[in-house]
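Colleague: Whatever this is, show me its structure:
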Amino acid sequence: MSAQSLLHAKLDLADIRLPRLSREFPFRASLVALFVLVTYQFPWHWLRFVTSAAILRISASLGMTGARVSFDTIRIQGQLFRVVIACTFVDVVMGSIPLLWDVRKSLQRNASRFLAVAVIFFGLNLVRLEIAQVLYFHGVPWTFADEVLGGFAYFAVWLFLWRQRTWRVLGEV
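Modeller: Residues are numbered from 1 along each chain as shown. Modelled structure (predicted):
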């Protein structure tokens, strides 16, 4: 078809068919938001304590001096750090449940898969937090060390969840 013919071709918008989102995708996305919202309704003291204890021990193994100030606050190299809920990655773990759940599998199979993923996510988070500590004490601003690195961690989690999905994003046209 020549350029002239293309200019004169009639484009009927009714003939254009764009893919639609499946019904399952917005449902699961809504559940993610709900699970994360519910997660923030709890203080998670025990998890904040465990996370801060792990960072204290890892930092000590790397030669950094540290001490506990409170259940969720630690001092490393003289600098105070408070572990809040987002620092534990529990929001990520809980928000991933609707995305990891496979309706064709048993409760036990889903629960064991989720438990394995939760352990991996918490481990990834500890690595992220400790790298942020090391970067910070080597002169990198905290915003970059913590938040940019956190962005990469969230992106890695999203890529993992996307590859693990058992549901369709697009529905029938």
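Colleague: Report the helix or strand with the lowest average pLDDT across the chain.
Modeller: In the chain, the helix or strand scored least confidently by mean pLDDT, DSSP states H and E is helix 3-8, which has a mean of 54.
Colleague: immediately after it, which helix or strand?
Modeller: helix 24-39 (DSSP states H and E).
Colleague: in that next one, what counts as buried?
Modeller: Phe25, Arg28, Val32, Phe35, Val36, Thr39 (16 or more other C-beta atoms under 10 Å). In this view, the C-beta of every residue, glycine as well, is placed from N, C-alpha and C.
Colleague: What would the host helix or strand of Leu149 look like as CSV? C-alpha coordinates only.
Modeller: Secondary structure assignment for Leu149, by DSSP H and E: helix 149-164. Output of helix 149-164 as CSV, limited to C-alpha atoms (Å, rounded to 0.1, in the frame of the first residue of the first chain):
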residue,chain,number,x,y,z
LEU,A,149,18.6,0.1,47.3
GLY,A,150,15.1,-0.6,48.6
GLY,A,151,13.7,0.3,45.2
PHE,A,152,15.9,-2.3,43.6
ALA,A,153,14.8,-4.9,46.1
TYR,A,154,11.1,-4.1,45.5
PHE,A,155,11.7,-4.4,41.8
ALA,A,156,13.5,-7.7,42.2
VAL,A,157,10.5,-9.0,44.2
TRP,A,158,8.1,-7.8,41.6
LEU,A,159,10.0,-9.6,38.8
PHE,A,160,10.0,-12.8,40.9
LEU,A,161,6.3,-12.5,41.6
TRP,A,162,5.6,-11.8,37.9
ARG,A,163,7.5,-14.9,36.9
GLN,A,164,5.8,-17.1,39.5
